[in-house]
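>>> Got a predicted model here, sequence first, then my questions.
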Amino acid sequence: MRTHPRGLLTLAGTELNERISFYGMRAILVLFLGAAIAEGGMGLGTGTATAIVGLYMALSYFATLPGGWIADRVLGQRRTVLVGGIIIMLGHISLAIQLGDLFVWGGLILVCVGTGFLKPNVTSMVGKLYADDTDARRDAGYSLYYMAINIGSAIGLFVVGYIGEVVSWHIGFGVAALGMALGLVSYVLGQKGLGDAGKAPGQPLTAADRAAMVKWIAIGAVVVVAAVAASAATGTLSVDNVTYVLTALAVVVPILYFINMFVVKRDQIVGDERTKLTAFMWLFIASAVFWMIFDQAGGTLTLFAKHDVDLNFSGFHIPAGWTQAANPVMVILFSGVFALMWTKLGNRVSTPAKFSFALVVAGLSFVLMSAASAATEGGTVKVSLLWLIGVYLLLTIAELSLSPVGLSMTSKLAPKAFAGQMMGLFFLSTAAGDAVGAQVSRLEPVLGGTYYLGLGLLAVVCGIALSLFIGKLRVLMNEERTKENAAELQPSA
């Protein structure tokens, strides 16, 4: 039996440690931002704290576009991953040292930028290890890699979550920095196993391209500085206003990207690529709605656990951040089951059908959350942890029906002229969903259980609406019509 490439262990180990740092910080970030200054926190309001966490997640995925571009045109994937890991580590160190608000905001920015450099490129390098191998072995390699991601997420949530919440916020951030440092050490030591994967940029910049890049970076820097200066001069510079601007950016950029492909670069999209891109656009929107629900785990759900859930278990008080670990643990337990199920079902269940199912189930998770909120009787009663376990179970089922399927779908629907950019574009659906969710989460303190019910029903309605057009989307995607899936081509009732 053939073994997997040695480099898989290096890349999986790097991503495992990066997820320890990323999810470890997510476990405590909203709690740190909302904690009183006397308790070592930032003393921000609940709405502002959840908005910042949502935008932190959004910008981490948004940064994958420039991160992928830098790897393709300047540094190559291998060096970009190394630079990204160093930037992430410096970001956590900035958060760990107690030298004022500037180091907090600077640390968050560094983590976002570093994640954008590291995540898409380390994932792409896994595929390059199997360049001359079969699809089945490549899929198996990615399954092992996905398992490492979730193991790292769980470790980070448990370890950093406990230390940050129980011992010290800043020590918790320091442990996250240590996790990334260990990932960098394993990455550097394992370089020989990577062969030529990601060694050089795929399309190096010409001298003219480099001059243009420097010019646009300079223009961008001037615009940002001018905007900040004008905002400060007019008294409109605030944390909340910055979040509004960044949310608009996360939503507008994908829209401009689609306009660029459909209108400006339409001559580069040939044959049936245009219809496939149309299908991709609708599934992109569905993905954004899903992530708007899912990634509130780091904000509103963690605060609900902190204030409204009985976290005492046999005399031990469970840190609120630990509740987020239910998701990666469940992914580890169920990912094999879902992989087997999709294999058995084959073409009988299409990608649009899986997306539709994921939206409905994710929506039902928030309908359950509304019931859990109602059970607190206005915050006077602490409810059982089983409510949140049920919510995370539904979210995990939805995730396994959409997230890995979406990555596979993107590679199949990508126009040839945009093949290298489409994965970054799909990550923008996460960024857009997280950004919108960041602002919507401000309503939770006001609406309570109605907030969860409204978002849940929105996702359910979107899922049902998507199901009505499964047949049309399959035609756009140019999927083969077979007897076993012919019935699915008709709109669902």
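Arrived safely, thanks for sending.

>>> quick one: Gln296 and Ala58 touch, right?
No. Between Gln296 and Ala58 there is no contact under CB atoms under 8 Å: 12.0 Å. Quick note: C-beta positions are derived from backbone N, CA and C, even for glycine.

>>> now stretch 227-234: mean pLDDT?
The pLDDT scores in stretch 227-234 average 86.

>>> what does stretch 3-22 give?
Averaged over stretch 3-22, pLDDT sits at 85.

>>> same deal with stretch 318-331?
Mean pLDDT, stretch 318-331: 90.

>>> Residues in contact with that stretch: which ones?
Under the criterion CB atoms under 8 Å, 6 or more residues apart in numbering, residues 23, 26-28, 31, 150-151, 153-154, 157-158, 160-162, 164-166, 297-298, 301-303, 305-306, 309, 311-312, 385, 388-389, 392-393, 395-396, 399-400 lie in contact with stretch 318-331.

>>> Out of the residues you listed, which end up buried?
Applying 16 or more other CB atoms under 10 Å to the contacts of stretch 318-331, the neighbour count classes 23, 26-28, 31, 150-151, 153-154, 157-158, 160-162, 164-165, 297-298, 301-303, 305-306, 309, 311, 385, 388, 392-393, 395-396, 399-400 as buried.

>>> Just the ones of those in strands?
Within the buried ones among the contacts of stretch 318-331, no residue falls in strands by DSSP state E.

>>> Leu303 contacts Phe32, doesn't it?
No. Proximity of Leu303 to Phe32 does not meet the contact threshold set by CB under 8 Å, at 11.9 Å.

>>> separation between the nearest residue to Ala200 once chain neighbours are set aside and Gly190?
Excluding the flanking residues, the one nearest Ala200 by CB to CB, 6 or more residues apart in numbering is Gly76, at 4.8 Å. Counting by CB to CB, to the nearest Å, the separation of Gly76 from Gly190 is 17 Å.

>>> can I assume Leu368 is in contact with Leu393?
No. Assessed by CB under 8 Å, Leu368 is found out of contact with Leu393, at 9.4 Å.

>>> Tell me, please, where in this structure the pLDDT is lower than the cut-off.
1-2, 132-140, 346-347, 408, 411, 417-421, 479-493 (pLDDT under 70).

>>> Now do the strands in it.
For the chain, applying DSSP E gives strands covering 312-313, 316-317.

>>> List the contacts of the last one.
The list of residues contacting strand 316-317 from outside it, by CB under 8 Å, 6+ apart, reads Leu311.

>>> Just give the strands next to it in its sheet, each with its orientation.
Sheet pairing here is set by DSSP bridges, and for strand 316-317 it gives strand 312-313 (antiparallel).

>>> Relative to Leu59, how far out is the residue lying closest to Ser94 once chain neighbours are set aside?
What sits nearest to Ser94 in space, not counting adjacent residues and going by CB to CB, 6+ apart, is Gly107, at 3.4 Å. From Gly107 across to Leu59, the span is 13 Å (CB to CB).

>>> Repeat that for Gly198.
For Gly198, the distance to Leu59 (CB to CB) stands at 24 Å.

>>> give the contact list for Val239.
Applying CB under 8 Å, 6+ apart, the residues near Val239 are 44, 48, 52.

>>> Pull the contacting residues for the last one.
Contacts for Ile52 (CB under 8 Å, 6+ apart) come out as 29-30, 33, 44, 108, 239, 243, 438.

>>> ok, of the residues you listed, which come out buried?
29-30, 33, 44, 108, 239, 243, 438.

>>> want to throw the residues you listed into CSV with distance to Ser287?
Listed next are the buried ones among the contacts of Ile52 as CSV, based on distance: CB to CB, whole Å:
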residue, distance to Ser287
Leu29, 23
Val30, 23
Leu33, 27
Leu44, 29
Leu108, 24
Val239, 28
Thr243, 22
Ala438, 17
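
>>> Enumerate every residue touching Asp310.
Taking CB under 8 Å, 6+ apart, one finds 382-385 in contact with Asp310.

>>> Go through those residues and flag which are in helices.
With DSSP state H as the criterion, helices contain Leu385 from among those.

>>> quick one: which of the contacts of Asp310 is nearest to Ile171?
Leu385 (25.7 Å; CB to CB).

>>> Distance check, that closest one against Ala320.
Taking CB to CB, one finds Leu385 at 11 Å from Ala320.

>>> any shared contact partners between these two?
Contacts common to Leu385 and Ala320, judged by CB under 8 Å, 6+ apart, are 305, 309, 311.

>>> domains of this structure?
7-204, 212-241, 264-493 (automatic domain parsing).

>>> For the second one, list every residue counted as buried.
Read that as domain 212-241. Within domain 212-241, the residues that count as buried by 16+ other CB under 10 Å are Val239.

>>> swap in stretch 446-465?
448-449, 451-456, 458-460, 462-463.

>>> Looking at these, which is nearest Ala358?
Gly463 (7.4 Å).

>>> so the closest one touches Gly363, yeah?
Yes. In this structure, Gly463 is within contact of Gly363 by CB under 8 Å, at 6.3 Å.

>>> and the residue nearest to Ala200, how far is that from Ala212?
Gly76 is 20 Å from Ala212, where distance means CB to CB.

>>> ditto for Leu82
Counting by CB to CB - Leu82 and Ala212 are separated by 26 Å.

>>> For the closest residue to Met125 other than its chain neighbours, give me phi and psi.
Leaving aside its chain neighbours, Met125 sits nearest to Gly198 (4.5 Å; criterion: CB to CB, 6+ apart). The phi/psi pair for Gly198 (degrees, to the nearest 10) reads phi 70, psi 20.

>>> wait, isn't Gly198 in contact with Lys128?
Yes. Counting by CB under 8 Å, Gly198 touches Lys128, with 6.3 Å between them.

>>> neighbour count winner among those two?
Each of Gly198 and Lys128 has its neighbours counted (other CB atoms under 10 Å); Gly198 has more, 24 against 18.

>>> show me the contacts for the more buried one.
71, 76-78, 80-81, 121, 124-125, 128.

>>> I figured Ser350 was touching Leu476, is that so?
No. Ser350 lies out of contact with Leu476 (CB under 8 Å); the separation is 11.4 Å.

>>> follow-up on the earlier one: show me how to select, in PyMOL, the buried members of the contacts of Gly198.
A single PyMOL command is used to select the members of the contacts of Gly198 judged buried by 16+ other CB under 10 Å:
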select buried, resi 71+76+77+78+80+81+121+124+125+128
